[in-house]
Structures are given as structure tokens and as C-alpha cells.
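Trainee: Quick one, fold the following:
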Amino acid sequence: MSSSNPRFAALQAIAAADYQLQKVNFTETHMKDLFGENVFSEAVQRERLPKPVFKALQKTIKQGAPLDPAIADTVASAMKDWAIERGATHFTHQFQPMTGLTAEKHDSFMAPTGDGKAILEFSGKELVRGEPDASSFPSGGIRATFEARGYTAWDPTSPAYILESPNGATLVIPTAFLSWTGEALDKKTPLLRSMEALSNQALRILRLFGNNEARKVFTTVGPEQEYFLIDKNFYYARPDLINAGRTLFGAPPPKGQEMEDQYFGHIPERVIACMADCEAQLFKLAVPVKTRHNEVAPSQYEIAPIFEDSNLATDHQMLVMEVMRKTAPKYGLACLLHEKPFAGINGSGKHNNWSMSTDTGENLLNPGDTPHDNAQFLVFCAAVLRAVAKYPELLRVSVASAHNDHRLGANEAPPAIISVFLGDQLQDVIDQIEKGAAKSTKQGGFMEIGVSVLPKLPRDAGDRNRTSPFAFTGNKFEFRAVGGSQSIAGPNTVLNTIVAESLDYIATNLEKAKGQGKDINKAIQELLPVLLKESKKVIFNGDNYTPEWHQEAEKRGLPNLRNTVDALPIILRKDSIELFGKYKVYSERELQSRFAILCENYVKTVNIEARLTNMMAKTMILPAALRYQGEVAMAVNAVKAAGADNAAQVELLKSLTATIGEFQKAITSLDHALAHHASGDVHAHTKHFRDTVLPAMAEVRALGDKLETVVADDLWPLPTYREMLFIK
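Mentor: Below is the predicted model:
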């Protein structure tokens, strides 16, 4: 094998590698002692802050009280001392711009004294506010190139933490990111606004039920993260993976996932070593990761945390992705978070397990043992159903991206049609309410296994549905359409806001009935059937993958926004602007900026992929095909010169030549598509890339993949699916 071929060079490197798997010693440091070690947590705050300052800060964190500026210097001093003791030399305000990633600028604690020495300083002003360049991040027109000022604002509800590095450490302070004019330039600020909006409306409902103890309602999230790990030598030999995050070429392997032997299978040694390292780092940062396992596709895995407050869960989710990306290379691996890195097998989602909980610890979506007579649960559940039924298009646009378009609607992901699965138990209760009143609840009972040594196992009252985009799973709803590389901030901002609107609607109706002297339970009994009748169209407990459901959904009037380009205009629709404006989550200008940013992101993503496709086709695949064509032509002439029948070789040459010709024509068509841009607004450009560039790319890929199946293996330059997915 010639090492000049990048594919064979990768294979040789893998074969020669002797990975020294690093050992995380959980016998010396127990997980419970490791957990939160690098976090300026409540326990650390209690220990290091004066009692009045600690109480004031906790009031802000737990009850949403305004931050008292007078305490900032004291908190900053304690935070600095704690961080320096843990090896920190710098601090940074970390924020979440509209790139979908995190951003940070590091500043040293050091301050020269003028006499050739220095002291370490960190003031309350530096803690509370930073000033990065706002014009260098996507702003959708909110900030022009010459208008640079932007601000980061300390988010005290997400604790600061220490990020370790080989040389020193950094104190990381989670922050919001705002323009000089006050608009949100990030994903955190609207999320915090939406959480506050939902809390205000949920408290109105709780007060009607006589709950005067709860002071705040949190939305909680437990995001499951799917991802791929492949050998980094393969990764470096694939320009498409490096620059686009997904393979733009690749013929189907002889074996894929059809044997169903990957899911929950044995985790390879190198992979589990990497997982354990990631988990140890995340434990230190108080990220409550709980589950790890093989996913359905070969070389695909999952990590899942216990649920947390939505804002903290979002910050932690960004940390999970970053820790996995930077840790994988230590084990000779590359972590792929793209929604569809490999065609023809499962892509990666991020199942968003969402619920509502009071500051006293009550889960408002817990049905209890008898949900039929749990009026409070039924009201909150009905609010969610109404929200999804009224605003399915907003949920769809919240997960829209060029990446996720390759996944949604495929047989491993929910379709683009937003519907709700309730399960047998809850569906039965809903049906009873519709008919008049709910008087009973289905119980699961026990399973008779038929093996004497095994105990009777309790059976849930309803099955699970893995095809539903929005499924009730016992005490929460699982929004399964969120993409693997996506920040969960956007989907949860939308979900919180639409549920806040439904809670507002319900609270207004019940408060009006109560004001008229009506018994609150009677008012609920009258309102619930109306709500459920309005929401019924979105409830579906069957197989969401079938063509029959798509036909049924169309009859019900459910929208089917099949791709991002179709979904994006929903952002600027009048009812969207009114909804987000009413609850002060997004201003109209902020929505316009999001529309522009998402359109530009779609165009840039597809443009990068198309240029990569063009480059790889011309410089890697076509030369390999032409070399093979030359070898076949020589064989044809050699057989003819020997006086033997060369008809079979001639047919091979004709077929190969025809495919190469078609491939070159497809490349020319892609060149043309890239050279001719649409006129009009930014959305017109997205349509051009969807309708012209993507089909041209698909044609080049189809022919390139066809060539992979006929060109001599020793000439093929790209690591193949059969290698990348199965060499572990």
C-alpha cells in the first residue's frame, strides 16, 4: 500500500498506533467527591461569602430577585481568590452568540503596580460586565461593521467554574451578550426571558390551586446527546468531515446497521476510555451526566444527563459538546456532532426532555398514580397540548438548519410534521374528559414472564413511541426533533414561550370564572374539554413514519414544513411577532435579525458544502477514476494484442468512460449553480441554494459514489464507510 494515498496512509497510521489509554482513577477520587470540584457552587459561596452577601446572591439565583450591585465587589473578590487557589491565571466572560457555539476572551488577573511588580485584581465591575466586539459576530443587522460595541452581562443563575488546561486554568463566567442598543445578540438572553414569562403565567395557575408557597416555576431539561466517534486518521483524510462536519461522498458499506447489533452493544475499549475521561471532566464541572451507551448506527454513541434548570442545562450542554470535541483526539478519535455525518445510517439528534417544576421541587407534569383526578396536572398538560397545537410551525422552525434537513423525516428521526404522543394511559384520560368527565386511570399491572426465578416486573401503563417528535414520557415531554450539533437554547425558548401563552390563556379564563363566583373545580371541568377539543388534531399515538400518517396529518391541517427554507418565514409572521413581543422574549427587530442570521447561515453552510464537493470531485475522485480508466484501457489493448477476446474489458471501459463523462458534466453543472446567484432578498438566496445548488451537489455525489464501487480499491483516495464506521 502506498502511503501517498491519503486513505492508505490513514490505515497504516491506525494499524501502527499503540494508544496508551489514560486511566481515570475513581478509586482514589470518588465520583461524589469529584462532582462540582471546579464550580463556584452554592456550597463554595456559603463558605467564602459574608452571610448577607450570600443570602442576597441566593435570592437572585433562586427567586429571580434583581441583582444588588453593592455585592458585586465582594463576590468578585471571593471568586478570584477561589479561582487562583485552583490554578487560574485568567478570567473570561463566556457567552453564546448566534454562531450556535460559545465565545470567550481571556483577561489576566494581573495588574502592574508601577514599581516593577504586580498584584492580582478582579473587581465587581469586571465580574458584572465585559465588552467584546459585537460587530464580529452574527447580528442580522443589529450591529453594523463600524458599530462595534457590545456587552456581556454576568448571569448569576449559572455558576462560574474553572476550566483546566495543560498550563494553568481559567475562571469562566457565564454571561448574556447584548448590543449597545440593548438587543439580544445571543441565545441565552431570550431563553432567560422565556423562562421568566412561563414562570409568571404558571404561578397564576398555581395560585388558583391554592399554592402560595412557590415563588418561581422553572422549566427543566435533560438533553440526550448523540454523536459519532471515528479514528482521527480517517477524519484528517476526509476534507468534507474537517470542513463540513459530514461526508459529502461515500458509497453504502456492505454492512450498515441492518443487523441491529450496534444499539446497546459492547462499548469498544478505546471509546469507553474516552467516555470515562469526558465524564470525569464533566463531573468536576457539576454536569450531571448519567447515561452512556452505543447508539443504533455503527460508531454512534449517546451521553445523557439528569434534568436541570433549562438555563443551566443549556450551558452544561455546550460544555458537554466542547469537552467531547477536545478529549476525543487524546484517544486517537474525532468526535462528530453533525446531524447526518454519514448517509444511509442514523443521524444524531438531541432529545430534549422538558418539564416544569416549582422552586419547592414539585414537577408540574407528574401525573401521579391517578391522573384522572389530578386537576393541576391535567391543566398544565392541557396547556402544553394547546401550545403545540397552536404553534407547531414555531417548534419546527426552532430546529431548522441545513444540517438537520438531512435528518428530519428520515427513518431514524421524527418527521417534520409536529405531533404529540400521549400513550395509552393519558390518552384514555383525555378521551374520558372529552366525553364529559374522567373517572378512572388505566394501570399497568405486572408482566408474567413465565420464568420461575425471575420476579414479576411492573408494567408501565403505556408504551413508548420512538417516532413521535413530541412525546409524553411519564413526567415530561420529549422534543425529539432537536439536532445533534444544535444549541438547545432556541428550541427551549420557543417551547417556554408558547406554553407561557397557553398558561396565560387558561389562567385568564379561570380567574374570570372565579371572579364571577364560579367554583374553580367546576370551571376547570368546563374548560378542559374545550382545550382538548382544540388540541386534538395534534395528538397521534401511531407510527409517524408511515405515508398514511402524512396523509392523515394533511387532512387534519397540520403543517408539513419539509425543509429549513420553507420554515424560516414563520419567524416574521405577524402572529409570531405578536407572541414573542407580548411576553418580551424577542422584539420585532430581534426576530428580523434571527431570520437574517438563519438565512445567511443556511446559504453559507450549503455554499461551503458545494465548494467542498466540487473540490473533492475534481482533485480526488476524478483523478482516481481517470487513472483507473487508463489502467483498464491498457488492459483492453493488452488483451487485444494477445489475440484473446476482450469484449468484457471493452464493456467495462465503455461503462466506466460513460460514468466519468456523466461525472464531469455533473461537476460542470455544480460549477454553474455556484457561479449564478439569485437576485432578491436573503430568503431568495436560500431558495436558490435549496432548489439549484443542493440538487447539483446530489448528482455529483451519486456519480462519485458510483465510481467508488468500480474504481480499483488501491486507487481510491478517500477513507470509505466500511472503514470509518467499523475500524475501532
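Trainee: Name all residues that make contact with Ala43.
Mentor: Going by CB atoms under 8 Å, 6 or more residues apart in numbering, Ala43 touches Gly36. All C-beta spots, glycine's among them, are computed from the backbone N, C-alpha and C.
Trainee: Report the secondary structure element holding it.
Mentor: Per DSSP states H and E, Ala43 falls inside helix 42-48.
Trainee: buried sites along that helix?
Mentor: Neighbour-count burial for helix 42-48 flags Val44, Gln45, Arg48 (criterion: 16 or more other CB atoms under 10 Å).
Trainee: cool, stretch 581-598 as well?
Mentor: Here stretch 581-598 shows 583, 585-587, 590-598 as buried, counting by 16+ other CB under 10 Å.
Trainee: how about a markdown table for those residues, with pLDDT added?
Mentor: What follows is the buried residues of stretch 581-598, written out as a markdown table (pLDDT from 0 to 100):
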| residue | pLDDT |
| --- | --- |
| Tyr583 | 98 |
| Val585 | 98 |
| Tyr586 | 97 |
| Ser587 | 97 |
| Glu590 | 97 |
| Leu591 | 97 |
| Gln592 | 97 |
| Ser593 | 96 |
| Arg594 | 97 |
| Phe595 | 97 |
| Ala596 | 96 |
| Ile597 | 96 |
| Leu598 | 97 |
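Trainee: From Ala641, how far out is Glu631?
Mentor: Going from Glu631 to Ala641 by CB to CB, to the nearest Å gives 16 Å.
Trainee: Comparing those two, which residue is more hemmed in?
Mentor: Neighbour count, other CB atoms under 10 Å: between Glu631 and Ala641, Glu631 has more, with 13 against 9.
Trainee: re the thing from before, mind listing which of the buried residues of stretch 581-598 are in helices?
Mentor: Counting by DSSP state H, the members of the buried residues of stretch 581-598 that fall within helices are Glu590, Leu591, Gln592, Ser593, Arg594, Phe595, Ala596, Ile597, Leu598.
Trainee: Tell me who's in contact with the second one.
Mentor: The neighbourhood of Leu591, defined by CB under 8 Å, 6+ apart, consists of Ile571, Leu572, Ser576, Ile577, Phe580.
Trainee: What are the buried residues along the helix or strand hosting Arg193?
Mentor: Take DSSP H and E as the rule and Arg193 turns out to sit in helix 188-208. Of all the residues in helix 188-208, those buried under the rule 16+ other CB under 10 Å are 188-203, 205-206, 208.
Trainee: Also stretch 176-188?
Mentor: Quick answer for stretch 176-188 (16+ other CB under 10 Å): Ala176, Phe177, Leu178, Ser179, Glu183, Ala184, Leu185, Asp186, Lys187, Lys188.
Trainee: Secondary structure, distance to Pro305 and pLDDT for those residues - can I get that in a markdown table?
Mentor: Shown next, in a markdown table, are the buried residues of stretch 176-188 (DSSP: H, G, I helix; E, B strand; the rest coil; distance: CB to CB, whole Å; pLDDT from 0 to 100):
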| residue | secondary structure | distance to Pro305 | pLDDT |
| --- | --- | --- | --- |
| Ala176 | strand | 23 | 95 |
| Phe177 | strand | 24 | 94 |
| Leu178 | strand | 28 | 92 |
| Ser179 | strand | 32 | 91 |
| Glu183 | coil | 31 | 92 |
| Ala184 | strand | 26 | 93 |
| Leu185 | coil | 27 | 93 |
| Asp186 | strand | 22 | 95 |
| Lys187 | coil | 19 | 97 |
| Lys188 | helix | 18 | 97 |
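Trainee: what would those look like in a markdown table with distance to Asn5?
Mentor: As requested, those are arranged in a markdown table below (distance: CB to CB, whole Å):
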| residue | distance to Asn5 |
| --- | --- |
| Ala176 | 50 |
| Phe177 | 46 |
| Leu178 | 51 |
| Ser179 | 50 |
| Glu183 | 52 |
| Ala184 | 49 |
| Leu185 | 46 |
| Asp186 | 45 |
| Lys187 | 43 |
| Lys188 | 46 |
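Trainee: which one among those gets closest to Gly116?
Mentor: The nearest member of the buried residues of stretch 176-188 to Gly116, counting by CB to CB, is Phe177 at 37.4 Å.
Trainee: you'd agree that closest one is up against Leu192?
Mentor: No. Counting by CB atoms under 8 Å, Phe177 does not reach Leu192; the two are 11.8 Å apart.
Trainee: quick one: pLDDT of Glu412?
Mentor: pLDDT for Glu412: 64.
Trainee: now the closest residue to Gly168 other than its chain neighbours, what's its secondary structure?
Mentor: Setting aside the residues directly before and after it, Gly168 is nearest to Thr89 in space (CB to CB, 6 or more residues apart in numbering), at 4.4 Å. Thr89 carries the three-state label strand when classified by DSSP: H, G, I helix; E, B strand; the rest coil.
Trainee: repeat for Ala334
Mentor: Ala334 ends up strand, using three-state DSSP.
Trainee: Quick check: closest non-adjacent residue to Ser419.
Mentor: Once flanking residues are discounted, Ser419 sits nearest to Phe540: 4.3 Å by CB to CB, 6+ apart.
Trainee: list the contacts for the one you found?
Mentor: Ser419, Val420, Phe421, Ser468, Trp549, Glu552, Ala553.
Trainee: show me where pLDDT drops low in the stretch 551-700 of the chain?
Mentor: Filtered on pLDDT under 70, the stretch 551-700 of the chain yields no residues whatsoever.
Trainee: Can I get the helix holding Ala43 in PDB, CA atoms only?
Mentor: Extracted C-alpha coordinates of helix 42-48, given in PDB (Å, rounded to 0.1, in the frame of the first residue of the first chain):
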ATOM      1  CA  GLU A  42     -23.700  27.300  46.400                       C
ATOM      2  CA  ALA A  43     -21.600  25.400  48.900                       C
ATOM      3  CA  VAL A  44     -18.500  27.300  48.000                       C
ATOM      4  CA  GLN A  45     -20.400  30.600  48.100                       C
ATOM      5  CA  ARG A  46     -21.700  29.800  51.500                       C
ATOM      6  CA  GLU A  47     -18.200  29.100  52.700                       C
ATOM      7  CA  ARG A  48     -16.500  32.100  51.200                       C
END
